[in-house]
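Asker: Fold the following.
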Amino acid sequence: MIRKIIRLYLLFLFNFPIFSQVLIDSSLLTIQKDSWNIGINRFSGTNLAKQQEYLLTSLPLLLKEEISDIDNHKVSTDERQHMIDQYVQDQIISVEKSISLIHNQRDKLLFSEDDEKEKKKLYDGFTQEIIEKKELLELWKMLDPEKIQIQESLDVTIKNQEDENNLLLQPRSRIQQYMENEDLNLLISGSVEKLDDSFYLGFSCYQAGKEDPLLSINRLVAEENLDSILLDISVDLRTIILGRSWSGLNVTVTPSDAIIQIDGETHGVGSLNTKVLEPGYVTLTIKESGYQSYSNQLYLSPENTQTLNIDLLPGETESLYVFSDPPDSDVHIGALWIGKTPLFTPKPTQEELLRISKENYMPFYISTEEISSDSISVDLETYLYTKEKRLKDAKSAFYRSLGWFTLSVGVPLILSGIYQNLDNRYYNYALDYNSTGDSDSYTKAMESKNQADIVYYSFWGGIALSGTLFINNMFKLYDYLRAAEESTEE
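Answerer: Sure, this is the predicted structure:
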């Protein structure tokens with residue numbers, strides 16, 4: 001009786017009109033956009049001599065070269081809102097097209113000569129699909145934009161565009177349509193016109209969702225100054241593409257194989273030329289074996305580039321002897337393999353991690369800063385058991401636990417059959433007692449009920465046992481996979 005009440009309640013709950021069964025697919029609540037696309041158009045030209053037409057290609061290439069090192073764009077709040085609005089609008093249009101298509105399919109049935117029952121079945125199916133699509137349409141229209149996810153930063157991709165239809169000479173609304181069709185987030189275009197001994201340079205930079213250009217320059221320039229003007233433009237353009245302020249740093253070091261680090265992170269070897277750093281204070285560190293390390297705090301000002309030339313001073317080079325038992329063990333300093341013991345090598349001037357290892361032995365680790373003398377001798381400890389033995393033991397444990405779990409699965413199935421049999425026996429004896437009043441039938445009915453109760457609880461105990469063995473089997477499988485991975489490592 002209780003089960004019937006629960007079923008009726010759930011049936012009423014999930015079919016009541018206020019509980020719509022139509023939901024937006026959760027995968028559609030994430031905008032699948034991996035790149036921030038930049039289009040650079042070939043510049044247009046007017047009154048140019050044949051030998052001056054190279055400017056139409058070389059000037060865009062110069063801009064592209066200046067921004068080619070930017071690989072990431074930080075999405076602003078306005079951009080995010082525009083992308084979400086555009087995405088939701090596309091989804092609404094898509095659903096509306098689906099509704100129109102289903103309407104057409106349903107209307108065609110009115111002129112069909114198929115069986116009336118089959119037509120009605122199809123007609124009702126289309127009608128239900130239209131209702132669900134309309135509910136989905138309302139969900140998209142009422143959707144809270146905050147529920148849509150988009151990456152905070154996107155990889156930058158630069159494309160060479162061709163304005164074959166002269167759309168860039170059309171009203172700005174057409175430019176936005178062009179960018180949408182080409183999937184561009186930023187469009188760069190320009191023009192060069194020859195006026196007497198100078199050039200009239202026009203430059204525009206449009207962003208998706210904004211009709212007015214972010215950058216617009218129209219200037220009379222001498223030919224020899226065209227490059228410098230575009231380099232000045234690239235400073236503001238870089239800020240737009242990065243989506244944040246930036247600082248540049250040019251460093252040249254002698255010797256040429258010195259490691260250059262900024263705030264502990266390696267950025268180059270021998271030289272560094274970057275314009276994507278965050279403005280503010282940073283610590284510049286330069287290291288090379290056999291030379292004194294250089295370390296200095298710098299302030300990187302926004303939209304500005306510092307240039308440094310640094311000559312490291314020679315330092316004393318210490319030697320290091322490495323011995324091990326057993327010999328012929330591999331020696332690594334950092335990620336670099338140095339050789340096998342016994343070994344003689346220059347001692348690193350900066351702190352590095354020294355690792356001595358050999359198959360079937362536990363590796364030994366020590367920082368070079370902790371080595372106070374000119375030699376180190378290490379006795380490697382053998383593993384309690386080898387990787388092969390660990391793999392073999394893990395494999396045996398997994399299959400043993402799998403066997404126990406497989407055997408346990410049959411217990412609830414058997415008990416379920418016994419329970420059904422005893423329950424049916426109890427039901428039959430109870431019917432006999434109700435119809436005849438035979439006391440013997442009552443006794444047998446109660447015995448059957450008691451036995452059925454015992455089997456019922458045993459059934460759930462079997463389920464619990466089987467579930468426990470399943471979880472144990474999953475742990476054994478995980479351990480087996482880990483052992484297999486370790487056995488392949490050097």
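
Asker: can you pull out the helices in the stretch 1-150 of the chain?
Answerer: Shown for the stretch 1-150 of the chain, the helices assigned by DSSP state H, counting those that start in this stretch span residues 2-15, 55-67, 77-108, 116-141.

Asker: Next, count neighbours for the closest residue to residue 314 other than its chain neighbours.
Answerer: Spatial nearest neighbour of residue 314, excluding adjacent residues (C-beta to C-beta, 6 or more residues apart in numbering): residue 291 at 5.9 Å. Quick note: C-beta positions are derived from backbone N, CA and C, even for glycine. Neighbour count of residue 291, defined by other C-beta atoms under 10 Å: 19.

Asker: lowest-confidence helix or strand of this protein?
Answerer: One helix or strand of the chain scores below all others by mean pLDDT, DSSP states H and E: helix 2-15, with a mean of 40.

Asker: hmm, back to that, residue 321: which of the helices of the stretch 1-150 of the chain is closest?
Answerer: Across the helices of the stretch 1-150 of the chain, residue 321 has its closest neighbour in helix 55-67 (50.4 Å, C-beta to C-beta).

Asker: May I see the buried residues of the closest one?
Answerer: Neighbour-count burial for helix 55-67 flags 55, 56, 59, 60, 62, 63, 64, 66, 67 (criterion: 16 or more other C-beta atoms under 10 Å).

Asker: Excluding chain neighbours, what is closest to the fourth one?
Answerer: Okay, so that is residue 60. Residue 60 sits nearest to residue 40 (C-beta to C-beta, 6+ apart), 5.0 Å away.

Asker: thinking again about what came up before, nearest to residue 184, of the helices of the stretch 1-150 of the chain?
Answerer: Set against residue 184 and scored by C-beta to C-beta, the helices of the stretch 1-150 of the chain come closest in helix 77-108, at 12.7 Å.

Asker: ok, and for the closest one, which residues are buried?
Answerer: So, applying 16+ other C-beta under 10 Å, buried residues of helix 77-108: 79, 80, 82, 83, 84, 87, 88, 91, 95, 99, 102, 106.

Asker: Rebuild those residues as a markdown table, extending it with distance to residue 238 and pLDDT.
Answerer: Output for the buried residues of helix 77-108, formatted as a markdown table (distance: C-beta to C-beta, whole Å; pLDDT from 0 to 100):
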| residue | distance to residue 238 | pLDDT |
| --- | --- | --- |
| 79 | 17 | 86 |
| 80 | 21 | 88 |
| 82 | 21 | 86 |
| 83 | 22 | 87 |
| 84 | 26 | 90 |
| 87 | 28 | 89 |
| 88 | 31 | 91 |
| 91 | 34 | 91 |
| 95 | 40 | 92 |
| 99 | 46 | 92 |
| 102 | 50 | 91 |
| 106 | 55 | 86 |
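
Asker: Where does the prediction get shaky in the chain?
Answerer: Where the chain drops to pLDDT under 70, the residues are 1-21, 162-173, 316-317, 349, 384-386, 489-490.

Asker: quick check: domain ranges of it?
Answerer: 247-309, 319-379, 387-488 (automatic domain parsing).

Asker: okay, those domains in CSV with distance to residue 229 next?
Answerer: Shown next, in CSV, are the domains of the chain (distance: least, C-beta to C-beta, whole Å):
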stretch, distance to residue 229
domain 247-309, 17
domain 319-379, 44
domain 387-488, 58
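
Asker: Ok, which of those domains comes nearest residue 35?
Answerer: Smallest distance to residue 35 across those (C-beta to C-beta): 17.0 Å, for domain 247-309.

Asker: now the end-to-end length of that closest one.
Answerer: Taking C-alpha to C-alpha, to the nearest Å, domain 247-309 runs 18 Å from one end to the other.

Asker: Give me the distance from that domain to the chain's centre.
Answerer: Here domain 247-309 is found 30 Å from its chain centre; the criterion is C-alpha atoms, centre = their mean, to the nearest Å.

Asker: And stretch 212-232, by the same measure?
Answerer: With C-alpha atoms, centre = their mean, you get 39 Å for stretch 212-232.

Asker: List the buried residues for that stretch?
Answerer: Neighbour-count burial for stretch 212-232, with 16+ other C-beta under 10 Å as criterion, is recorded at 213, 217, 221, 226, 229, 230.

Asker: Give me the contacts around that stretch.
Answerer: Contacts with stretch 212-232, where a contact means C-beta atoms under 8 Å, 6 or more residues apart in numbering, come from 52, 55, 59, 62-63, 66, 172, 192, 195, 197-207, 233, 236-237, 240.

Asker: contact partners of stretch 426-433?
Answerer: In contact with stretch 426-433 (C-beta under 8 Å, 6+ apart) are residues 438, 439, 441, 442, 444, 445, 448, 449, 452.

Asker: Try it again at 7 Å.
Answerer: With contact meaning C-beta atoms under 7 Å, 6 or more residues apart in numbering, stretch 426-433 is reached by 438, 441, 442, 444, 445, 448, 449, 452.

Asker: Let's verify the fourth one: helix, strand, or coil?
Answerer: Put plainly, it is residue 444. Following DSSP: H, G, I helix; E, B strand; the rest coil, the label given to residue 444 is helix.

Asker: if I look at it, how far off is residue 153?
Answerer: Here residue 444 is placed at a distance of 76 Å from residue 153 (C-beta to C-beta, to the nearest Å).

Asker: ok, these two, which is more surrounded?
Answerer: Taking other C-beta under 10 Å, residue 444 and residue 153 do not tie; residue 444 has more neighbours (18 against 13).

Asker: The more buried one: what's its closest spatial neighbour, skipping adjacent residues?
Answerer: Nearest one to residue 444, counting by C-beta to C-beta, 6+ apart, is residue 429 at 4.7 Å.

Asker: and that neighbour, how many neighbours does it have?
Answerer: Neighbourhood size, residue 429 [other C-beta under 10 Å]: 21.

Asker: what's the helix or strand for it?
Answerer: Using DSSP states H and E, the element containing residue 429 is helix 387-436.

Asker: show me where the stretch 151-300 of the chain has strands.
Answerer: Under the criterion DSSP state E, counting those that start in this stretch, strands of the stretch 151-300 of the chain are mapped to 153-161, 186-195, 198-207, 215-221, 247-254, 259-262, 265-269, 271-277, 280-287, 294-300.

Asker: Distance to residue 124 added to those strands, as TSV?
Answerer: Putting these into TSV (distance: least, C-beta to C-beta, whole Å) gives the following:
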stretch	distance to residue 124
strand 153-161	46
strand 186-195	50
strand 198-207	49
strand 215-221	58
strand 247-254	66
strand 259-262	68
strand 265-269	65
strand 271-277	60
strand 280-287	67
strand 294-300	69
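
Asker: For residue 395, find the nearest of those strands.
Answerer: It is, among the strands of the stretch 151-300 of the chain and with distance given as C-beta to C-beta, strand 265-269, at 41.7 Å.

Asker: Would you indicate which residues of the closest one are buried?
Answerer: In strand 265-269, counting by 16+ other C-beta under 10 Å, buried: 267, 268.

Asker: cool, and stretch 364-375?
Answerer: Judged by neighbour count (16+ other C-beta under 10 Å), stretch 364-375 contains these buried residues: 364, 368, 371.

Asker: what's that stretch in contact with?
Answerer: By C-beta under 7 Å, 6+ apart, the residues outside stretch 364-375 that reach it are 318-321, 323, 347-348, 351-356, 378, 380.

Asker: hmm, try it at 6 Å
Answerer: When contacts are defined by C-beta atoms under 6 Å, 6 or more residues apart in numbering, stretch 364-375 is touched by residues 319, 321, 348, 351, 352, 354, 355, 356, 378.
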